[in-house]
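>>> Prediction below, plus the sequence it came from.
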Amino acid sequence: MSERRGVELADFWSRTAAQLIDAAWMLVLGFVLVNLGEGLRGGRDLSQGADLLLQLISALIILHFWATRQATPGKMLMRLRVVDADTGGMPPFPRLVARYAGYIISGLPLGLGYLWMLWDPRRQCWHDRLARTLVVQDPPRG
């Protein structure tokens, strides 16, 4: 799949804006879940298990959006979609899981894996390369 077939690859700034939008709504969701949990525990701090559960819930929400919409709310607002790099269709679920896990790899060396798209001819970050996905820009509606 390439731009030659009429597909526009998402640019750095659109992807960054989508990530910021997603971080904002996930922060609100995390705040609500933590406060609900504190109410149940009488105001004590989160245990490591509760923190792990919160991370798992976040991962499942992101994976659900990718698997059902090919995009998170931030990507939807920016008209971006995650697609299979070979077919342009829906990536298989195991590759979406690999993509999510790849976020850790992309972030480890001072975020170099996220910046990699600036030099990559297919604008792929490391997690995209790992999962064999692309992020594409949908045309404006109307």
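The structure has been received and is ready for your questions.
>>> what residues does stretch 73-80 touch?
Around stretch 73-80, the neighbours that count as contacts under C-beta atoms under 8 Å, 6 or more residues apart in numbering are 10, 14-15, 17-23, 25, 65, 69, 71, 81-82, 135-140. For glycine as for every other residue, the C-beta is placed from the backbone atoms N, C-alpha and C.
>>> go with 7 Å
10, 14-15, 17-19, 21-22, 25, 69, 71, 81, 135-138 (C-beta atoms under 7 Å, 6 or more residues apart in numbering).
>>> Check the offset of that stretch from the chain's centre.
11 Å (C-alpha atoms, centre = their mean, to the nearest Å).
>>> for stretch 55-62, which positions count as buried?
61-62 (16 or more other C-beta atoms under 10 Å).
>>> same check, this time on stretch 63-71
63, 65-66, 70-71.
>>> Quick check: longest helix in this structure by residues?
helix 12-41 (DSSP state H).
>>> which is the next helix or strand following that one?
helix 48-69 (DSSP states H and E).
>>> which non-adjacent residue is nearest residue 98?
Of all residues not flanking residue 98 in the chain, residue 131 sits nearest, at 4.5 Å (C-beta to C-beta, 6 or more residues apart in numbering).
>>> And residue 135, by the same measure?
Excluding its sequence neighbours, the residue lying closest to residue 135 (C-beta to C-beta, 6+ apart) is residue 10, at 4.2 Å.
>>> which one of the buried residues of stretch 63-71 is nearest residue 127?
residue 66 (11.7 Å; C-beta to C-beta).
>>> what residues are up against the closest one?
Residue 66 neighbours (C-beta under 7 Å, 6+ apart): 82, 96.
>>> returning to what we had before: who are the packing partners of the longest helix of the chain?
helix 48-69, helix 73-77, strand 80-84 (3 or more C-beta pairs under 7 Å, 6 or more residues apart in numbering; DSSP states H and E).
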